[in-house]
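>>> My questions are about this predicted structure, shown below with the sequence.
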Amino acid sequence: MTPDSYHSPSVAVVGAGHAGVEAALATARMGFDTVLFTLSLDAIANLPCNPSIGGTGKGHLVFEIDALGGEMGRAADAVTLQNRTLNTGKGAAVQSKRIQADRRRYHQYMKHALEHQPKLRVVQAEVVDLLTETDENGEKRIVGLCTSLGEVWACERAILCTGTYLDSRIFIGNVNYPSGPDGFLPARGLSEALVREGLTLMRFKTGTPARVRRGSIDLDVLELQPGETPVTPYSVRTPEDALDAIDQIPCHIVYTNAETHRIIHENIRRSAMYSGAIHGTGPRYCPSIEDKLTRFADKPRHQLFVEPCGSETEEMYIQGFSTSLPTDVQYAMLRSLDGFEKAEIMRYAYAIEYDCIDPTQLYATLECKTIRGLYGAGQFNGTSGYEEAAAQGLVAGINAALSLRGEPAMILERSGSYIGTLIDDLVTKGTNEPYRMMTSRSEYRLLLRQDNADLRLTPLGRAAGLVTDAQYEDFLVRKTAIETECERLNTTYLSPKIVNPYLENLGEPPVGSGVSLADLLRRPAISYDSLAPLDEHRPTLPRRVRTTVEVTVKYDGYIKREIAEVERHRKLEQKRLPADLDYSSLKGLRLEAAQKLQAIRPMTVGQASRISGVNPADISVLLIYLGLK
């Protein structure tokens with residue numbers, strides 16, 4: 001069948017979850033006709049699990065998405081129910097923003113953004129097949145997609161963002177059936193097409209807890225968890241003080257107890273996880289409650305968070321209580337909790353199993369190595385979480401558009417972003433479980449803070465065409481303000497006569513000679529704002545600027561040390577490996593290393609050094625080879 005001109009977009013995106021939304025917006029905003037396919041218009045940007053955006057490591061991703069010109073941060077700001085900063089008792093590097101989101105309003109925001117985006121069409125249809133062609137050199141490329149309705153859509157680039165829908169199956173106790181999350185239809189035809197085209201699939205699983213009616217919970221007996229103010233928005237496009245006055249909805253904390261554990265232990269064989277019904281691998285860092293009890297048998301209780309799903313719904317989400325136990329056990333375990341004696345379940349908890357790709361089959365651009373023009377993003381690539389998905393979708397969309405322009409790809413370095421770390425981990429090391437971003441995954445945490453995401457990535461977003469002139473001008477003003485204030489703090493000195501009474505009040509050691517404001521700020525007990533009484537000539541600066549100035553000055557020595565470490569490793573990252581190098585022919589390379597290198601085909605020596613099974617001696621062989629070349 002030959003498609004007509006209406007069915008010939010430049011880019012086709014399959015799946016309208018968080019990856020698909022960012023990918024489609026990126027390619028359309030970069031000037032290319034784009035079609036976004038979704039199984040249901042009502043599932044666009046759905047939050048089927050936790051109704052939140054951000055968290056440890058994940059909050060960093062949202063700030064980076066915004067810095068590159070993506071939409072997630074701005075959408076999250078628009079639907080914030082509660083704001084919190086995680087790890088406030090630790091250093092700036094690992095502090096992460098997390099918000100409770102109104103899940104229906106988030107869906108509506110993103111659906112509206114897609115519908116009003118020029119050069120973008122949104123189509124409710126199931127994609128069931130890929131169309132490829134092989135050229136005279138034996139290189140395969142994507143040329144189109146087929147839907148279950150028999151339509152053929154020609155395209156030059158395709159981005160697969162299938163989430164947890166690919167041949168997905170729901171499990172509740174001994175009941176299981178084909179379904180996507182939240183009762184939406186599964187995607188049934190595409191897995192077979194991917195295997196036919198030579199791609200290797202994996203089977204992963206995730207799960208979600210029950211939703212409980214607010215009025216059936218005695219919230220008064222639970223521990224209150226209020227929101228935090230002031231609220232620093234995710235997006236630089238959101239006015240800095242826009243969220244300070246919102247009426248935040250509190251969350252609550254409850255704990256499992258001995259009775260809860262007894263109920264679960266006595267029924268654990270009725271769980272789909274433990275009965276052998278589920279074959280997919282679940283997320284290590286977000287286990288079901290029955291898995292928690294098995295792994296941490298010595299713990300007398302587990303903390304659960306009771307969180308609102310929206311401002312106009314009675315549904316409450318019980319974070320930490322994910323399960324695939326049957327419905328009668330779900331009721332028994334819920335009603336064993338304090339305050340939940342009369343709990344009414346509105347949506348039952350379930351586990352969901354789905355297909356995804358082995359991500360080592362992708363380049364760092366997220367393009368498939370064996371099918372040119374085909375990209376993967378999100379849970380299709382083996383990740384877990386909305387933020388990881390959106391980050392990959394944005395990168396895949398940018399690179400698909402850049403390739404259509406004939407411009408160099410955007411490959412983010414590990415040392416420059418959490419997004420770069422995420423993608424490098426996936427395509428270099430692969431994953432045998434749903435991958436979740438955490439601050440501990442980066443060796444450059446102090447450089448990759450939330451507060452400086454725009455300083456690191458906005459120039460790249462600008463180069464791609466996703467950061468407008470006005471946004472870039474605002475960025476330059478902020479960058480200059482930070483640099484100017486850091487310089488002022490380093491060159492403004494105060495006498496002991498002025499400083500010592502201030503230090504005495506803080507219980508800090510006195511100074512014997514003049515001291516700079518920067519040196520004072522480096523003391524752990526002193527903050528930028530607390531220096532105001534000594535600093536009569538300080539300028540009035542936005543909150544974001546003050547935050548970055550404080551961290552930059554306070555951790556100056558550590559930051560310089562980390563930058564030097566980056567420069568040492570950058571030499572390996574700059575040594576590119578030939579795309580057609582036959583590793584089996586290199587003398588001195590161990591068999592395991594040659595096999596791993598041949599399969600993954602790293603782009604640089606630096607990437608090769610991070611492949612499991614490749615040791616320093618193997619890297620020396622590669623460097624000798626490049627030197628001889």
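Nice, thanks for sending it over. Everything numeric in this text was worked out from a predicted model, so none of it was measured.

>>> who touches the residue of the chain most remote from its centre in this structure?
Residue farthest from the centre of the chain, counting by C-alpha atoms, centre = their mean, is Lys497 at 50.2 Å. Contacts for Lys497 were tallied using C-beta atoms under 8 Å, 6 or more residues apart in numbering; there are none. Backbone N, C-alpha and C define where each C-beta goes, glycine included.

>>> Tell me the pLDDT of it.
Confidence at Lys497, expressed as pLDDT, is 94.

>>> do Leu586 as well
88.

>>> That one contacts Ala594, correct?
Yes - at 6.9 Å, Leu586 and Ala594 qualify as touching, with contact defined as C-beta atoms under 8 Å.

>>> okay, the two: which has more neighbours?
Neighbour tally, Leu586 and Ala594, criterion other C-beta atoms under 10 Å: the higher count belongs to Ala594, 19 against 16.

>>> is it true that that one lies in a helix?
Yes - checked against DSSP: H, G, I helix; E, B strand; the rest coil, Ala594 lies within a helix.

>>> which of the residues in the lowest-mean-pLDDT helix or strand in the chain are buried?
One helix or strand of the chain scores below all others by mean pLDDT, DSSP states H and E: helix 616-628, with a mean of 84. Neighbour counts over helix 616-628 (16 or more other C-beta atoms under 10 Å) mark 618-619, 621-622, 625 as buried.

>>> Let me know the closest of those residues to Ser527.
The closest of the buried residues of helix 616-628 to Ser527 turns out to be Ile619 (C-beta to C-beta; 43.8 Å).

>>> Would you agree the closest one is in contact with Gly606?
No - applying C-beta under 8 Å as the test, Ile619 and Gly606 come out as separate, 9.2 Å apart.

>>> what residue lies at the spatial centre of the chain?
Glu388 (2.3 Å).

>>> Next, the buried residues of the helix or strand harbouring that one.
Using DSSP states H and E, the element containing Glu388 is helix 386-405. Across helix 386-405, burial judged by 16+ other C-beta under 10 Å covers 386-404.

>>> Give the next helix or strand downstream of the longest helix anywhere in the chain.
As assigned by DSSP state H, the longest helix anywhere in the chain is helix 469-491. Toward the C-terminus, helix 469-491 is succeeded by strand 493-494 as the next helix or strand (DSSP H and E).

>>> Can you spell out which helices and strands pack onto that next one?
Applying 3 or more C-beta pairs under 8 Å, 6 or more residues apart in numbering; DSSP states H and E, one finds that strand 493-494 contacts strand 515-516, helix 517-521.

>>> and the shortest one, what's its mean pLDDT?
In this model, strand 515-516 carries a mean pLDDT of 96.

>>> strands paired with it, and their directions?
strand 493-494 (antiparallel) (DSSP bridges).

>>> CA atoms only for the helix or strand that the strand it pairs with is followed by - export them in PDB, please.
Using DSSP H and E, the helix or strand that follows strand 493-494 in sequence is helix 496-506. Only the C-alpha atoms of helix 496-506 are listed here, as PDB (Å, rounded to 0.1, in the frame of the first residue of the first chain):
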ATOM      1  CA  PRO A 496      38.100  41.600  62.300                       C
ATOM      2  CA  LYS A 497      36.300  44.500  64.100                       C
ATOM      3  CA  ILE A 498      33.200  44.000  62.000                       C
ATOM      4  CA  VAL A 499      33.400  40.300  61.600                       C
ATOM      5  CA  ASN A 500      34.300  38.900  65.100                       C
ATOM      6  CA  PRO A 501      31.200  40.000  67.000                       C
ATOM      7  CA  TYR A 502      29.100  38.300  64.300                       C
ATOM      8  CA  LEU A 503      31.200  35.100  64.500                       C
ATOM      9  CA  GLU A 504      31.000  35.200  68.300                       C
ATOM     10  CA  ASN A 505      27.200  35.100  68.200                       C
ATOM     11  CA  LEU A 506      27.400  32.000  66.000                       C
END
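
>>> Now do the buried residues in helix 496-506.
Neighbour counts over helix 496-506 (16+ other C-beta under 10 Å) mark 499-500, 502-503 as buried.

>>> List the beta-bridge partners for the closest residue in space to Met346 that isn't next to it in sequence.
Sequence neighbours aside, Arg211 is the residue nearest to Met346 in space, at 4.7 Å (criterion: C-beta to C-beta, 6 or more residues apart in numbering). Beta bridges link Arg211 to Tyr317, Arg347 when assigned by DSSP bridges.

>>> Around Arg211, count how many other residues there are.
20.

>>> Surely it and Glu344 touch.
No - look at Arg211 against Glu344 with C-beta under 8 Å: they stay out of range, at 10.0 Å.

>>> before we move on, back to that, common neighbours of Ile619 and Gly606, please.
Leu572.

>>> Counting neighbours, what do you get for Thr313?
16.

>>> hang on, it packs against Arg104?
Yes - in this structure Thr313 lies within contact range of Arg104 using C-beta under 8 Å: 7.1 Å.

>>> re the thing from before, list the neighbours of the least confident helix or strand of the chain that are in contact with it.
Helix 616-628 is contacted from outside by 572, 575, 577, 586-590, 593, 597, 605, 608-609, using C-beta under 8 Å, 6+ apart.

>>> cutoff 10 Å now
571-572, 575-578, 581, 583, 585-590, 592-594, 596-597, 602, 604-606, 608-609, 611, 614 (C-beta atoms under 10 Å, 6 or more residues apart in numbering).

>>> which of those are buried?
With burial judged by 16+ other C-beta under 10 Å, the buried subset of the contacts of helix 616-628 is 572, 575, 577, 581, 583, 586, 589, 593-594, 596-597, 602, 604-606, 608-609, 611, 614.

>>> In helices, which of those appear?
572, 593-594, 596-597, 605-606, 608-609.

>>> what secondary structure does Lys205 sit in?
Following three-state DSSP, Lys205 is assigned to strand.

>>> In terms of pLDDT, where does the residue nearest to it when sequence neighbours are not counted sit?
Once flanking residues are discounted, Lys205 sits nearest to Gly280: 3.5 Å by C-beta to C-beta, 6+ apart. Reported pLDDT at Gly280 in the predicted model: 76.

>>> try Glu22
Note on Glu22: pLDDT of 98.

>>> if I look at it, how far off is Val122?
Separation of Glu22 from Val122 (C-beta to C-beta, to the nearest Å): 14 Å.

>>> Kindly report the same for Thr38.
Taken as C-beta to C-beta, the span from Thr38 to Val122 is 7 Å.

>>> which neighbours do those two share?
With C-beta under 10 Å, 6+ apart as the test, Thr38 and Val122 both reach 13, 16, 20-21, 24, 44, 111, 114.

>>> can you tell me which residues contact Asn490?
Asn490 neighbours (C-beta under 10 Å, 6+ apart): 516-519, 521, 553, 556.

>>> Restricted to buried residues, select those in PyMOL.
The PyMOL selection below is limited to those of the contacts of Asn490 classed as buried (16+ other C-beta under 10 Å):
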select buried, resi 516+517+518+519+521+553
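
>>> wait, which of the contacts of Asn490 is closest to Asn381?
Closest approach between those and Asn381, by C-beta to C-beta: Asp556, at 37.1 Å.

>>> how about low-confidence regions in the stretch 351-500 of the chain?
Along the stretch 351-500 of the chain, no part satisfies pLDDT under 70.

>>> quick check: angle from the helix or strand encompassing Leu460 to helix 469-491?
In the assignment (DSSP H and E), Leu460 maps to helix 453-464. Orientation check (axes from the mean of the first three to the mean of the last three C-alpha atoms, to 10 degrees): helix 453-464 against helix 469-491 gives 140 degrees.

>>> Pull out the buried residues from helix 453-464.
453-462, 464.

>>> Now do the SS call for Asn176.
At Asn176 the chain is in strand, as set by three-state DSSP.

>>> wait, what's in contact with it?
Shown in contact with Asn176 (C-beta under 10 Å, 6+ apart): 169-170, 272, 277-278, 324, 350-353.
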